[in-house]
Structures are given as structure tokens and as C-alpha cells.
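Trainee: mind looking at a prediction? Sequence and model below.
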Amino acid sequence: MASSQDSSRQDKPRRRGKAAAKQVESPMSLPSANVSGSFPIEAQPSQFKPSVPDRPTTNPNLFASHSTSRMASALPIWEASNILTQRHHLPWSSDADGKLCYAKDVGDGKGAIHFWVTENLEDEFPVPLAGAAALAVVDAFDIRAACMHLIYAASAAQLDRPWEKELIIDDRQIESYLGLKKRTDMNRREKLALIEEIAKQPCKITTFITWPTQGKVKGFTLEEGRLWHLMGIRYHYQQSLLGEKELTGMTFIVKAGLWAKYFLNEEGKKSKTALYQSGILPKALLEAVMSVWQHREGAARLMVWLLFKAQFNRQHPLNVQALMEVAYGVEKIEQARNSSELRKKLANSWDEDLMTLHDRGWKLIFDLETYPLSIQPSGFGREAAQRPRGFFEQLLSARIWITPEDALLQEASLHSSEDNTINSLPHSNHDQPLMILTGNQVRAMRISKGWSQRKLASLTGMSQGLISLIENEERTITSENEAILSKTFESNP
């Protein structure tokens, strides 16, 4: 049960939050995880028995009767996916304690989600890392670990009260989910090493959540804790013909953090005391990310990001600059603005990544008013080899719809009819809209119209100081301000 907030805990440096909350709860006490770095050299005699009798029963099993599975899709899960895919491209900064932190405002700043990283997989309350040590962890995140994070999110959604139950997932399931069984370029030991590493990485993320009142659900605060608790890894061995002990498999025991009690709670949704936010995870997406991540990393990042975005709002087009920031990071876009060679290279990468999405079943619809044929990828509409002068700023301001294939939408509807707690596409139960406008885009559109910040302020009724903060990415654009800015730019050609 949630308890009233303990003021003594507020004084601790790792109990963070931007907004006052009406409920607070700490992560449940957990035993230390039995986690080792690489494969153990020595093991107990019982581990040397053939692997099949030794394996515990797994629970749950995904994609048993459908090519998609229900998945937890709350904002903490989405943002953790962004951390694993976009890594240092996100706006990390030092918190009040000097620890490296990534923060996402909720409800126009009434709440927030803070993330940290740790190398400690054993302690219940690991110390977040700072400086170079933290950056090393962030940079080491493998985009394929986002697939494991999604598998955990889907597995948790199959359980009642997932914050109380353990997920038991073995290497054979993971191989199947990720399409690794088809890979002939990796031997068995290499596959197991990869599985172990990407299974651990989502468990290195900790979070502190302050969530504002949402409808009839009162606001709450969750003290800093893990998104996923790695309770243990069980290694399976068998004896080779030469009498050597060979690792043949492993089983991961994972438990969802306390976030699940507030974002994946069917009983709480009915009683208006918690939320239940879920979406759909296609097995084909996991396989696609595993297939393209090395040579088309931008496309892989977009696939994971669009998995969440496309499930709750397909009605409005997406801004190309916002999508490019997901795929390549803000810094690369700014570098391209100052170099014709980099502009061409980035535009070519963007076109190729769009083609990759198309080839993987995503539907692309270009807004011809802002995304004319002359700047579309050559495989879609552009006939000339050269793009027109000034194309890059036009491209950044262009809009495009990117949606899942029709078969996915139909299967999502089937899931929805079988279980009314699932939010059918495109209306996933998210209450905070994604901000399409970015500060860089506001600045670019203002300059393209020849306006000063004072002129834009007078047209919008916003202060010039706020306009400056927005353009410098020092102030989050609220949904209200986004609507005002969009209307201003559209109604003043």
C-alpha cells in the first residue's frame, strides 16, 4: 500500500522530484541478484548435468498465437527505450549531486521522470554514476538491448500484478524473439555472450518518478529504483564428448520495478488508483532492429521510437527535424547546417533510412505542401539527381506520416477485442502528447520568415524571454505553447 510521504526521506540526495506528490512508495526489498560478469569458470556439480532437466519453467511465453504481443508502453518505458537507442545524443546533465541524469518533464512541468545509470546489478539501491564513469555506461549501451527492454515490457504485461511476480526468460526464448536462430554468422557461445550482455543492460537504468494528478488518479511519487531488477542468472552446462563442461544456455530471472504498480495495474485502473498503459509489440520489429542496427542505426532508432509514437497518435504528421534528432542527434543536424558536404551526406542517410522503414513494412505518406517531390527520396518521388538549392532547411521543416503496416493494425485490433484493457491503435492510453516542435525548429522557422524574437513574441502573446529560452532548448515547449506557435507560423506566410 502507498504511504504518506516521509519527510526524512526527502532529505536524502537520491530521493529526487520536481513536483509535490500525494503518494510515495519505495521499491520493495529484494534479495541481492546472483549476477556475474562473464561466463563463470567454476560452477556447482549440479550445474554440470545436461541442460534440459536443469532448466526452470519459463514464464510467460510471447508470440505464442500471434505475431504481436501486448506490451507495457508507459512513458518511463518509452524514455528508457530512448536511452538505450539514442545514448549520449539525449540531453544528459549533472543533477544536484553531480550524478549524470536525463530528465523528462510530465504534464507541462507538473511532474518529471529522472533517469540515472549504474554498473551495480546487485544492490537494491545502487549508487548512480557520475562523470566519465556514467558516460562510459551510456556509450556502451547496445541498441539491441532496447529489444530486451521491450521483451521485458511485453513479458510484464502478460502477468497479473507484475510488480510482485518474476519473469523467467531463457536463451531459447530470446533467440526466437530476436531471430537469432536464423543467424549463421555467430556460433553458440557468441550468441550466448550477446544475450547475456543485452539482458543486463536495461537493468542498469534507475529512475525517480513524480507523476501529477491525471483525471481521477491522484498524483504519486516513486522513489529512485530500478526499472528492471535482475534477480539472478542461472547457467546451464553439459559435458562434452571430451569431458569438458560446456555452457549450453542460461535463464534470466527479472522483476519489474515499482513503476509497474502505477502504470501497469489493471485493478488500479478499475478503481481509479493507478494507470494501465499498454500497446503492441510486433515480433517483426525485434527482428528488424536486430537485422539493420549495424548498417542503418538511424532506421533502427526510428523503429523503436515510432513503435511508441505510432500507437497513440497517427492522425498528425511528424516533423522531419524531430525525427532526424531521434535518428542522428541534434549535434549532427547543427553540423550539417554549416557544411554543404555534411548536409548532402545527412540527407542521403535520411533517404536511405526512410527506404529501410518502407522495406520493413512501415507506411510513408509525405505532406506534399511541406515535403514536395523535389526533396523526397529518389525512390519515392524525386527524379532529379540533385536536390534544389536551400533544400536542407525545407527538409527539416517538412512533415511526414509514418505508420505501421495494415497487418499490424488489424492484429492489434484483434488483441484489443480479446482483451479490453489493451488500447487499440492508434489510441494508446497516453495522456501526454509528444511535442513535435523543437527549439531548433522554432528558431529555423522564425528566421525563415525574417522575424525577430520580438516580432514572434508579439504575434504569439508570449514573452521574448520565453521565446529565447525555447529556441536555446532551455525550456520545454508545453502543449499550449506548441499549438500557439504552430498556428502562428501557419497563419502568417
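Mentor: That came through fine.
Trainee: domain parsing for this structure?
Mentor: 13-294, 435-493 (automatic domain parsing).
Trainee: deepest-packed of those domains, please.
Mentor: domain 13-294 (a mean of 19; mean count of other CB atoms under 10 Å). The C-beta positions use only the backbone N, C-alpha and C, and glycine is treated the same way.
Trainee: ok, the closest residue in space to G131 that isn't next to it in sequence - contacts?
Mentor: Closest residue to G131 apart from its sequence neighbours, by CB to CB, 6 or more residues apart in numbering: L100 at 7.0 Å. Going by CB atoms under 8 Å, 6 or more residues apart in numbering, L100 touches W92, S93, S94, W116, V117, P128, L129, A130, G131, A134, L135, V138.
Trainee: what residues are bridge-paired with L100?
Mentor: S94 (DSSP bridges).
Trainee: related to what we said a few turns ago, tell me which of the domains of the chain sits nearest to A310.
Mentor: Among the domains of the chain, the nearest to A310 by CB to CB is domain 13-294 (9.2 Å).
Trainee: before we move on, the earlier item: out of the domains of the chain, which gets the lowest mean score?
Mentor: Least confident of these, judged by mean pLDDT, is domain 435-493 with a mean of 82.
Trainee: wait, I477 touches L469, no?
Mentor: No. The pair I477 / L469 is not scored as a contact, 9.9 Å apart, by CB atoms under 8 Å.
Trainee: where do the contact lists of these two overlap?
Mentor: By CB under 8 Å, 6+ apart, no residue touches both I477 and L469.
Trainee: chain neighbours aside, what residue packs nearest to D170?
Mentor: T251 (4.4 Å).
Trainee: sorry, wrong one. I was asking about K363.
Mentor: Nearest residue to K363, sequence neighbours excluded (CB to CB, 6+ apart): T403, at 4.8 Å.
Trainee: quick one: contacts for the residue nearest to A398 when sequence neighbours are not counted?
Mentor: Closest residue to A398 apart from its sequence neighbours, by CB to CB, 6+ apart: Y371 at 3.8 Å. The contact partners of Y371, taken as CB under 8 Å, 6+ apart, are V320, L395, A398, R399, I400.
Trainee: drop anything exposed from these.
Mentor: Buried by 16 or more other CB atoms under 10 Å: V320, L395, A398, R399, I400, out of those.
Trainee: among those residues, name the ones in strands.
Mentor: Those of those mapping onto strands are R399, I400, per DSSP state E.
Trainee: which among the buried ones among the contacts of Y371 gets closest to N59?
Mentor: I400 (40.6 Å).
Trainee: I figured the closest one hits M324, correct?
Mentor: No. With contact defined as CB under 8 Å, I400 does not reach M324; the gap is 11.1 Å.
Trainee: is T370 in a helix, a strand, or coil?
Mentor: At T370 the chain is in coil, as set by DSSP: H, G, I helix; E, B strand; the rest coil.
Trainee: check what pLDDT it gets.
Mentor: Predicted confidence (pLDDT) for T370: 93.
Trainee: tell me who's in contact with it.
Mentor: Contacts of T370 (CB under 8 Å, 6+ apart): Q394, S397, A398, R399.
Trainee: quick one: which two of the residues you listed are the most distant?
Mentor: So, these by CB to CB: farthest apart are Q394 and R399, at 11.4 Å.
Trainee: which stretches in the stretch 151-300 of the chain count as strands?
Mentor: Assigned by DSSP state E, counting those that start in this stretch, the stretch 151-300 of the chain shows strands spanning 166-170, 205-211, 220-226, 228-239, 245-256, 278-282.
Trainee: report back the residue of this structure that's furthest from centre.
Mentor: With distances taken from the mean C-alpha point of the chain and given as CA atoms, centre = their mean, the most distant residue is L242, at 45.3 Å.
Trainee: I'd like to know how far that residue sits from Q294.
Mentor: Noted for L242: a distance of 35 Å to Q294, by CB to CB, to the nearest Å.
Trainee: equivalent analysis for E244, please.
Mentor: From E244 across to Q294, the span is 32 Å (CB to CB).
Trainee: now do E166
Mentor: Distance, E166 to Q294, by CB to CB: 33 Å.
Trainee: just G215 next, same as before
Mentor: Applying CB to CB to G215 and Q294 gives a distance of 43 Å.
Trainee: same thing with L285?
Mentor: 17 Å.
Trainee: now K204
Mentor: 22 Å.
Trainee: again, but for S458
Mentor: Using CB to CB, S458 is found at 50 Å from Q294.
Trainee: go on, N59?
Mentor: 32 Å.
Trainee: what of E190?
Mentor: 15 Å.
Trainee: cool, and L459?
Mentor: L459 sits 46 Å away from Q294, taking CB to CB as the criterion.
Trainee: same thing with G361?
Mentor: Remark: distance between G361 and Q294 (CB to CB) = 20 Å.
Trainee: same question for A96.
Mentor: A96 sits 38 Å away from Q294, taking CB to CB as the criterion.
Trainee: please apply the same query to E352.
Mentor: 14 Å.
Trainee: next one: G109
Mentor: 38 Å.
Trainee: quick one: the helices in the stretch 301-450 of the chain?
Mentor: Assigned by DSSP state H, counting those that start in this stretch, the helices in the stretch 301-450 of the chain fall at 320-328, 330-337, 340-359, 391-397, 406-418, 439-448.
Trainee: so who does N319 touch?
Mentor: N319 is in contact with S397, A398, R399, I436, L437, T438, Q441, counting by CB under 8 Å, 6+ apart.
Trainee: can you do 10 Å?
Mentor: 325, 367, 370, 396-400, 435-438, 441, 486 (CB atoms under 10 Å, 6 or more residues apart in numbering).
Trainee: how about G329: what's its closest non-neighbour residue?
Mentor: Leaving aside its sequence neighbours, G329 sits nearest to H89 (CB to CB, 6+ apart; 3.3 Å).
Trainee: show me what contacts that neighbour?
Mentor: N82, V138, R301, E325, V326, A327, Y328, G329, V330, E331, K332 are the contacts of H89 under CB under 10 Å, 6+ apart.
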